[in-house]
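Student: sequence and predicted structure below; questions after.
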Amino acid sequence: MVERRKPISVQEAVSKVMNHVHLMPEEIVSIDDSDDGVLAEDIYADHDVPPFNRSPYDGFAIIAEDTSHASRENPVTLEVIEEIGAGDVAQNSVGHGQAIRIMTGAALPKGANAIVMLEIVHEKNDGKKIEIKRHIKKFDNISWQGEDTEKGALLLEKGHHVTPGVKAVLATFGYAKVKVYKQPVIGIIATGSELLNVSEPLVPGKIRNSNAHMIISQVKQAGGMPKYFGQLKDDLEQSFQGVKKVLSEVDALITTGGVSVGDFDYLPDIYQKLGAEVLFNKVGMRPGSVTTVAYLPDSGKILFGLSGNPSSCFVGFELFAGPYIKASQGLNNKFLDNVEATLTHDFPKPNPFNRFVRSRVTFENGYWHSQPVGLDKSNIVTSLIGANALMVLPGGTRGYQKGDKVKALLLNGEGSEQFCL
Ligand SMILES: Nc1nc2c(c(=O)[nH]1)N[C@H]1C(S)=C(S)[C@@H](COP(=O)(O)OP(=O)(O)OC[C@H]3O[C@@H](n4cnc5c(N)ncnc54)[C@H](O)[C@@H]3O)O[C@H]1N2
Ligand code: MOO
Ligand SMILES: [Mg+2]
């Protein structure tokens, strides 16, 4: 008798996975090894930025009041007493009738209260004097100490992703080394006697293994370190030994294929032989309804049994494995962003379960638009080319029409702290 599985909701399945997240330990890495990592410490400003008042232009530091009567007919002449570049500090202070030639980024000399740009002055006497033909306002063109950020400000919270901009901030505050979470090592195994390696020619009955390569990329995008262990044939004992052997080398394991109720779908038996607790093996969603997640109580390691069908495998990863990997690396924004979009085409299929339609969303004139891409079947691979979102059509709904409002989960967004459908 075939096993009858009871589906649980997507939300419930997500919470079960999240309840089993194993947070990775922290490590200290050099700033340039922190790219795409996740901060394991809050970052505070330990000094003002900029740390001193400075010139935002190449020009002259002056006392603004000296120009109060300056005009085209009646220019004021100032004596240039020194020149400083960025990194220098003026030896002199600016007195009335004086100016210091100053370059962008140099500290504002004492006495000066405005900067006048090079283009505005007329230089005389080999640059020893300058003429100004207009009134310069007090505090014109000064980049003030602390205008970027003030000492003591909380700039980044633990759990923030390290981006190029974050690295600029880390460097500003002297973080030659940064505390981040270790990347989880995610094992990947493809199962199925029909699978050929990507380099092998097609032979009758066989197909090339596309899922493993897709998952390697998805793991990288989620911040994990993929470790690919190759393909296993549909043989229970060999597959069991194969899975068992790699478990000690990974923080979590993803398999593809063999999770449904077929005669050669051995993952359920493998979980049993391993003593794993199955968190769920049927989810009320399409594609990916057979996505299975199991947990090893002894080691705390989680096993993602993604479906063999390429689109089901993709969706199962994005909804469950991706957020798990991000959460285990301490990332706050672990879930896919959710936006409201207008459907650009009819989608007449009814939705007995929540449907996650591979779609392309665009942002035009202030609104999101969502267009389904390719054939909406689990075994389709080419629909994954153009998909940048999963459009969510709730279970129990009839078809949708062009112009209807739908939700879409962004595949390349910044992520969200909450999972919401
Ligand atoms: N009687 C039932 N049959 C099926 C059910 C069901 O509920 N009752 N569920 C269907 C659904 S839904 C899906 S999805 C698939 C899931 O199958 P499995 O996860 O067990 O995966 P396999 O049987 O191993 O393979 C399914 C399909 O995918 C191809 N495949 C497998 N691995 C790869 C790979 N690495 N790269 C590319 N393609 C792969 C495989 O050749 C099969 O065509 O089960 C339905 N059946
Ligand atoms: O996992 Mo299946 O995708 O529901 O077609
Ligand atoms: Mg199967």
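Tutor: Everything's here; your move. Ligands and ions are numbered 1, 2, ... in the order given.

Student: near ligand 1 at all, stretch 218-234?
Tutor: No - in terms of C-beta under 6 Å from any ligand atom, no part of stretch 218-234 sits within range of ligand 1; the closest distance is 7.4 Å. All C-beta atoms are positioned from the backbone trio N, CA, C, and that covers glycine.

Student: mean confidence score for that stretch?
Tutor: Across stretch 218-234, the average pLDDT comes to 98.

Student: for ligand 3, what's the nearest residue on the stretch 301-421 of the chain?
Tutor: The nearest approach of the stretch 301-421 of the chain to ligand 3 comes at residue 308, 5.8 Å away (C-beta to the ion).

Student: so what's that residue up against?
Tutor: 191-192, 211, 256-260 (C-beta atoms under 8 Å, 6 or more residues apart in numbering).

Student: same thing but 7 Å
Tutor: With contact taken as C-beta atoms under 7 Å, 6 or more residues apart in numbering, residue 308 is in contact with 192, 211, 256-258.

Student: could those go into TSV alongside neighbour count?
Tutor: Compiled in TSV, these are given as follows (neighbours: other C-beta atoms under 10 Å):
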residue	neighbour count
192	20
211	29
256	30
257	29
258	27
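
Student: mind checking which of those are in helices?
Tutor: Of the contacts of residue 308, the ones assigned to helices by DSSP state H are residue 211.

Student: ok, the residue of the stretch 101-250 of the chain found nearest ligand 3 to residue 33 distance?
Tutor: Residue of the stretch 101-250 of the chain nearest ligand 3, by C-beta to the ion: residue 192 (8.3 Å). In this view, residue 192 and residue 33 are 37 Å apart by C-beta to C-beta, to the nearest Å.

Student: what's the answer for residue 95, then?
Tutor: To residue 33, residue 95 is 51 Å away according to C-beta to C-beta.

Student: and the pLDDT at residue 3?
Tutor: 82.

Student: tell me how many other residues crowd it.
Tutor: Residues lying near residue 3 (other C-beta atoms under 10 Å) number 9.

Student: now it. Nearest residue, chain neighbours left out?
Tutor: residue 261 (5.7 Å; C-beta to C-beta, 6 or more residues apart in numbering).

Student: assumed that neighbour was part of a helix.
Tutor: No - using DSSP: H, G, I helix; E, B strand; the rest coil, the secondary structure at residue 261 is coil, not a helix.

Student: give me the phi and psi angles of it.
Tutor: Dihedral pair for residue 261: phi -110, psi 10, per degrees, to the nearest 10.

Student: tally up the residues packed near the residue in the stretch 1-150 of the chain positioned nearest to ligand 2, please.
Tutor: Nearest to ligand 2, among the residues of the stretch 1-150 of the chain, is residue 7, at 9.8 Å (C-beta to the nearest ligand atom). Burial of residue 7 is recorded as 17 neighbouring residues (other C-beta under 10 Å).
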